[in-house]
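*Asks:* sequence and predicted structure below; questions after.
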Amino acid sequence: MSIQDEALAALVGNAIAQDKRIGGQAIAVRVADGEVSLKGIVDEADQCELACIVAGGIQGVRCVNTDELRVREVTE
């Protein structure tokens with residue numbers, strides 16, 4: 001991971017953490033050549049989309065992969 005990718009990962013991670021709609025969710029951020037991968041578990045399906053939108057809004061992000069971002073299963 002380059003220094004630029006590390007800085008981008010920090011920016012994306014902070015933006016997701018600061019967003020009140022998705023903050024507090026366990027989302028890991030990896031960046032390689034400007035391509036962001038989000039991994040973790042969120043409470044609602046909407047939060048996957050929001051995380052993608054927030055990450056994509058950061059300057060320098062080329063694309064966002066949310067294949068490893070899952071919605072928490074509800075147990076009854």
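*Replies:* Noted; the coordinates are in hand. Numbering: from 1, shown residues only.
*Asks:* secondary structure element for Leu11?
*Replies:* If you go by DSSP states H and E, Leu11 is part of helix 3-18.
*Asks:* what segments of the chain are strands?
*Replies:* 26-32, 35-42, 63-71 (DSSP state E).
*Asks:* can you redo those as a markdown table with distance to Leu8 and mean pLDDT?
*Replies:* Every C-beta, even on glycine, is put in place using the N, C-alpha and C of the backbone. Formatted as a markdown table, the strands of the chain follow (distance: least, Cβ to Cβ, whole Å; pLDDT from 0 to 100):
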| stretch | distance to Leu8 | mean pLDDT |
| --- | --- | --- |
| strand 26-32 | 5 | 94 |
| strand 35-42 | 7 | 96 |
| strand 63-71 | 11 | 95 |
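*Asks:* out of these, which is closest to Cys52?
*Replies:* strand 63-71 (4.9 Å; Cβ to Cβ).
*Asks:* send the alpha carbons of the closest one over as PDB?
*Replies:* These are the backbone C-alpha positions of strand 63-71, laid out as PDB (Å, rounded to 0.1, in the frame of the first residue of the first chain):
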ATOM      1  CA  CYS A  63     -14.100   3.000  -7.500                       C
ATOM      2  CA  VAL A  64     -15.700   1.400  -4.400                       C
ATOM      3  CA  ASN A  65     -16.100  -2.400  -3.900                       C
ATOM      4  CA  THR A  66     -18.700  -3.400  -1.300                       C
ATOM      5  CA  ASP A  67     -18.800  -7.100  -2.000                       C
ATOM      6  CA  GLU A  68     -17.500  -7.900   1.500                       C
ATOM      7  CA  LEU A  69     -19.900  -5.500   3.200                       C
ATOM      8  CA  ARG A  70     -22.700  -7.500   4.800                       C
ATOM      9  CA  VAL A  71     -26.000  -6.700   6.500                       C
END
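*Asks:* which secondary structure elements does that strand contact?
*Replies:* strand 35-42, helix 45-56 (3 or more Cβ pairs under 8 Å, 6 or more residues apart in numbering; DSSP states H and E).
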